[in-house]
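Participant: sharing a model that was predicted from the sequence below.
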Amino acid sequence: MTRMKKLSLSLTLTPERQAVSKEELPDAIVRLSNDGDEAMLVNGRMLLVPEGASSRLDGLHLLIEGPPETFSLKKFRVNADEPAAGDMVRLSPGEYIEKRYALKDYFYYDQPGQYKIKATFHNELSNEASFEISN
């Protein structure tokens, strides 16, 4: 009997700070880990792409949900080619890649309240965390 080995990636999202002042946003730290039994080849670019972007820009999506009536006044665009061979990273079991994103470069929220941020990688892995904007 041949036993199948587990191949598994996990995504962890952590806001740099749990509370920020008005007109600030925390940095988001995103970690992609190989929790499986074998090495895996992943796109190490972890390119941040807007929700609804072309599927050829496979990468990381961040979505922020805030209190009712809040919306982001900042938008961003991505000018990137498809991943090159050099963008691919081999992750051995237990290894990870990590990237920090300055949320203020992509979003703008200034209303006090509790916010939820969701990261989705490659349309398959997702993770949520929260932070608060105080007065």
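Facilitator: Structure received.

Participant: tell me the contacts of the residue minimising distance to the centre of the chain?
Facilitator: Among the residues of the chain, the one closest to the centroid is Ala119, at 3.9 Å (C-alpha atoms, centre = their mean). Residues in contact with Ala119 (C-beta atoms under 8 Å, 6 or more residues apart in numbering) are Leu11, Leu13, Ala28, Val30, Leu60, His61, Leu62, Ser126, Asn127, Glu128. For glycine as for every other residue, the C-beta is placed from the backbone atoms N, C-alpha and C.

Participant: which of those residues tops the neighbour count?
Facilitator: Within the contacts of Ala119, most neighbours by other C-beta atoms under 10 Å means Ala28, with 24 neighbours.

Participant: surely that residue is in contact with Val20?
Facilitator: No. Assessed by C-beta atoms under 8 Å, Ala28 is found out of contact with Val20, at 12.0 Å.

Participant: related to what we said a few turns ago, let me know the closest of the contacts of Ala119 to Gly36.
Facilitator: Nearest to Gly36 among those, counting by C-beta to C-beta, is Leu11 at 13.8 Å.

Participant: where does this structure have low pLDDT?
Facilitator: In the predicted model, the chain carries pLDDT under 70 at residues 1-7, 51-58, 73-80, 123.

Participant: can you give me the strands for it?
Facilitator: Counting by DSSP state E, the chain has strands at residues 9-15, 19-20, 27-34, 40-43, 60-65, 88-91, 96-102, 113-121, 125-133.

Participant: please save the CA atoms from stretch 127-135 in PDB.
Facilitator: These are the backbone C-alpha positions of stretch 127-135, laid out as PDB (Å, rounded to 0.1, in the frame of the first residue of the first chain):
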ATOM      1  CA  ASN A 127      -7.000  34.400   6.300                       C
ATOM      2  CA  GLU A 128      -8.700  37.200   8.300                       C
ATOM      3  CA  ALA A 129      -7.500  39.500  11.100                       C
ATOM      4  CA  SER A 130      -8.800  42.800  12.500                       C
ATOM      5  CA  PHE A 131      -7.700  46.200  13.700                       C
ATOM      6  CA  GLU A 132      -9.300  49.300  15.100                       C
ATOM      7  CA  ILE A 133      -9.200  52.900  14.100                       C
ATOM      8  CA  SER A 134      -9.600  55.200  17.100                       C
ATOM      9  CA  ASN A 135     -10.600  58.900  17.200                       C
END
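
Participant: that'll do, ta.
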